[in-house]
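**Q** Show me the folded form of this:
(2 chains)
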Amino acid sequence: AQKVTQAQTEISVVEKEDVTLDCVYETRDTTYYLFWYKQPPSGELVFLIRRNSFDEQNEISGRYSWNFQKSTSSFNFTITASQVVDSAVYFCALSEIGSGANSKLTFGKGITLSVRP
Amino acid sequence: EPEVTQTPSHQVTQMGQEVILRCVPISNHLYFYWYRQILGQKVEFLVSFYNNEISEKSEIFDDQFSVERPDGSNFTLKIRSTKLEDSAMYFCASSEGLAPLETQYFGPGTRLLVL
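**A** Here you go, the predicted model:
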């Protein structure tokens, strides 16, 4: 069974601070995908990144970076020089390939990030 | 940039009433999904749909729920007899190909309140 744990529930930082959002996952599959989605106060879910289990390279996109470590089953997300617009709920999600079509995303409980001016 | 749209954005209904939530997936996408998020909780998978058939459904998706693609653009979720516990945000998503090989893109959600 697949499971995603986001142990942090709420994080509050001051603008320009760096912040790391943790994500730990469980899966029995060797092939799987990991995702981060952002949910701003307006409520929609915005796709940020997808990473497959064979690609452990870290990724940087502007102020965002992701650290994928299979050894610890973690896929952490860092925002550098945070801004007020980064305030949102951030969800980590997992999808296993499994046998046949298994397309569902399993989400963590989300981390509420508040960035204060 | 193409996006998934959902209507209505908010719906209030009385317990026992039927509701239909509508979604227009991204036009070249072939796989469609519904998820729900009870207030303050995590997003949960309901159902996936491809080629006019349900591909997978969760335990939540019982006989009260049904999905349909009535025409070439809409994808609907029907709740036959709503219960208080159906109050949630319902998200539609679509992907060009089979997820997770292809990314699921979400609509803005429909907030359903059952009184």
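
**Q** Read off the pLDDT value for B:D71.
**A** pLDDT recorded at B:D71 is 87.

**Q** hang on, A:Q6 packs against A:C23?
**A** Yes. Counting by CB atoms under 8 Å, A:Q6 does reach A:C23; the two are 5.7 Å apart. Quick note: C-beta positions are derived from backbone N, CA and C, even for glycine.

**Q** anything in contact with each of the two?
**A** Jointly contacting A:Q6 and A:C23 under the rule CB atoms under 8 Å, 6 or more residues apart in numbering or on different chains are A:92, A:108.

**Q** of those two, who's got more company?
**A** Each of A:Q6 and A:C23 has its neighbours counted (other CB atoms under 10 Å in any protein chain shown); A:C23 has more, 27 against 20.

**Q** So for stretch B:16-24, what gets flagged as buried?
**A** B:19, B:21-24 (16 or more other CB atoms under 10 Å in any protein chain shown).

**Q** What's the local residue count around A:F54?
**A** Neighbours of A:F54 (other CB under 10 Å): 9.

**Q** ok, it - contacts?
**A** A:T31.

**Q** Please report how far it lies from chain B.
**A** Counting by CB to the nearest CB, to the nearest Å, the gap from A:F54 to chain B is 12 Å.

**Q** Name the next helix or strand downstream of the helix or strand containing A:R50, please.
**A** Applying DSSP states H and E as the criterion places A:R50 in strand A:46-52. Next helix or strand after strand A:46-52 toward the C-terminus (DSSP H and E): strand A:59-61.

**Q** related to what we said a few turns ago, now the strand holding A:R50: average pLDDT?
**A** 92.

**Q** Where in chain B is the helix or strand with the lowest mean pLDDT?
**A** strand B:53-57 (a mean of 91; mean pLDDT, DSSP states H and E).

**Q** Check which residues of it are buried.
**A** Buried positions in strand B:53-57, judged by neighbour count with 16+ other CB under 10 Å: B:55-57.

**Q** Contacts for stretch A:63-72, please.
**A** A:24, A:34, A:36, A:48-49, A:51, A:53, A:55-60, A:74-83.

**Q** picking up where we left off before, against which helices or strands is the least confident helix or strand of chain B packed?
**A** strand B:43-50 (3 or more CB pairs under 8 Å, 6 or more residues apart in numbering or on different chains; DSSP states H and E).
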